[in-house]
Each structure stands twice: as C-alpha cells, then as structure tokens.
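# How does the following fold in three dimensions:
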Amino acid sequence: MPGVPIGEISPLGWVVLGALAALSVFAATLVLVKLVQFRRARLGDTRPAEQAMQLWRAGERGAALTTVAAAAGPRAALLRELFTALTAHPGDTAAAQARGAQRAIDDLAVLERNMRGIEAVVQAAPMLGLLGTVIGMIEAFGRLAQSTGAADPAELAGGIWTALITTALGLAIAIVFYFLSLWLEARVARERAALESLLAAVPGALAVPAPAAGRG
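Residues are numbered from 1 along each chain as shown. Below is the predicted model:
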C-alpha cells in the first residue's frame, strides 16, 4: 500500500487536520474522565444497595444506614437520604421520596456533566472533514484552472489528498466517539432506571418496619 504523500497536503489542509487532532484529544480526555468518574461512583454495583435494603426490611435500621454510609455511588447516596429521612420521621414516605428524588437528580446531573462535549465532537468532526474536502477541491480545481493544455495529475494531488484525508479522519473520529458516547449514556441510563426503581420502592419496601428486637 503506498504511503501518504505528506508533502502534498496544503497548509490549509494541515490546519483542518490539526483541528481534528485537537478534537480527538479533547474527546478522548472527556471519555477517560467519565470512565474514572464512573469507576469511583461504583456505577452498576448493586451489592451495597441490595444488602442495605435487606437489612432495612429485616428491621436492622442501624446496620442498613452503616452499609450505605460506607458505600459510594448514587444508589448508596439515595438510600442514605431515604433511610435518614425515614428514621427521623417514621412513616413519612412522601418527604423521604422528595429528599431522595432531589439527591438522585443531583447525582445524575454530575454523571451527565461533560457528556455534551463528546456529542459536540461527534457533530463537529464530520463538518471539519467536509471543510477539508471543500478546501482540497478548491485547491485542485484552482490548479487545474491555472494549467495550460492537458492537466498534470501531479498538480492535483495535493488538493485531492487534502480532501480525502480530512474527510476520512473526520468520519473516523465521529464514528468512534459516537459509539463511545452511546455506551456512556447507556450506563447513565441504567443508573437512572435503578434510582427510579429505588424511589418507587419507598412506600412498600422502605416503610419503617418493626424493630428486630420487638419480634416475637
């Protein structure tokens, strides 16, 4: 396979390629930041929440609070708010739901932060590639117009390479980060569904049970 004739790419083409490189670095940084954030938040880890719910249903309220207090993540934070509210005001599930809903909204907002940046790269990269295409074709036809007699294909190489390379890179960047964005959004969507399920469980499963010591 022949190598890319780097010397044939025009200065304006290099400007577009530089902008595409900057966009890819920016998007890759955002993806890495989100992955670290999701890992620290224990996204998808259901064990602490399930254990705390089991303890709460069994009447072991102190142990349930301890479990969620020591755990990280939106689910643990939501249950911590619910358990605290229900312990302070037994039976007042409406107030507990309100506090829990606000906590869920805040945590989801943090998880979704900077996601728009990745989406912006997905939309901007093909446009920059198209700009490179237009620049390359303008250069190619400009050289063709300046030539006399039969056109020398070598004179058109720079513009054509600029058009093809910028288009290919723009599309490649958009495709890669489009799927990465979908994957990250899917993880946030699953967490949102889990938080909504926990909030819906408040009237029944999270109603204050009789203390374990009081059972016959």
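# If you drop the residues flanking it in sequence, what lies closest to residue 31?
residue 180 (5.4 Å; C-beta to C-beta, 6 or more residues apart in numbering). (C-beta placed from N, C-alpha, C; glycine too.)
# Does that neighbour touch residue 118 like I think?
Yes. Applying C-beta atoms under 8 Å, one finds residue 180 in contact with residue 118, separated by 7.0 Å.
# follow-up on the earlier one: residue contacts, the residue nearest to residue 31?
Neighbouring residues of residue 180 by C-beta atoms under 8 Å, 6 or more residues apart in numbering: 27, 31, 118.
# where are the low-confidence patches of this protein?
1-8, 90-93, 95-97, 143-159, 201-216 (pLDDT under 70).
# Next, the buried residues of stretch 20-39.
Neighbour counts over stretch 20-39 (16 or more other C-beta atoms under 10 Å) mark 20, 23, 24, 26, 27, 28, 30, 31, 34, 38 as buried.
# Can you say which helix or strand has the first one in it?
With elements taken from DSSP states H and E, the one containing residue 20 is helix 11-40.
# returning to what we had before: now do the helix or strand containing the residue nearest to residue 31 against helix 11-40, angle only.
Residue 180 belongs to helix 153-200 when elements are defined using DSSP H and E. Here helix 153-200 runs at an angle of 20 degrees relative to helix 11-40 (axes from the mean of the first three to the mean of the last three C-alpha atoms, to 10 degrees).
# nearest spatial neighbour of the residue nearest to the spatial centre of the chain, skipping sequence neighbours?
Closest residue to the average C-alpha location of the chain: residue 184 at 3.9 Å, with C-alpha atoms, centre = their mean. Here the nearest residue to residue 184 in space, its sequence neighbours aside, is residue 34; by C-beta to C-beta, 6+ apart that works out to 5.5 Å.
# surely that neighbour meets residue 185?
No. Between residue 34 and residue 185 there is no contact under C-beta under 8 Å: 10.1 Å.
# so what's in contact with the two at the same time?
In contact with both residue 34 and residue 185: residue 115, using C-beta under 8 Å, 6+ apart.
# neighbours of residue 78, just the number please.
When neighbours are counted by other C-beta atoms under 10 Å, residue 78 registers 24.
# who's in contact with residue 42?
Neighbouring residues of residue 42 by C-beta under 8 Å, 6+ apart: 48, 71, 72, 73, 76.
# measure it to residue 126 for me?
Using C-beta to C-beta, to the nearest Å, one gets 35 Å for the distance from residue 42 to residue 126.
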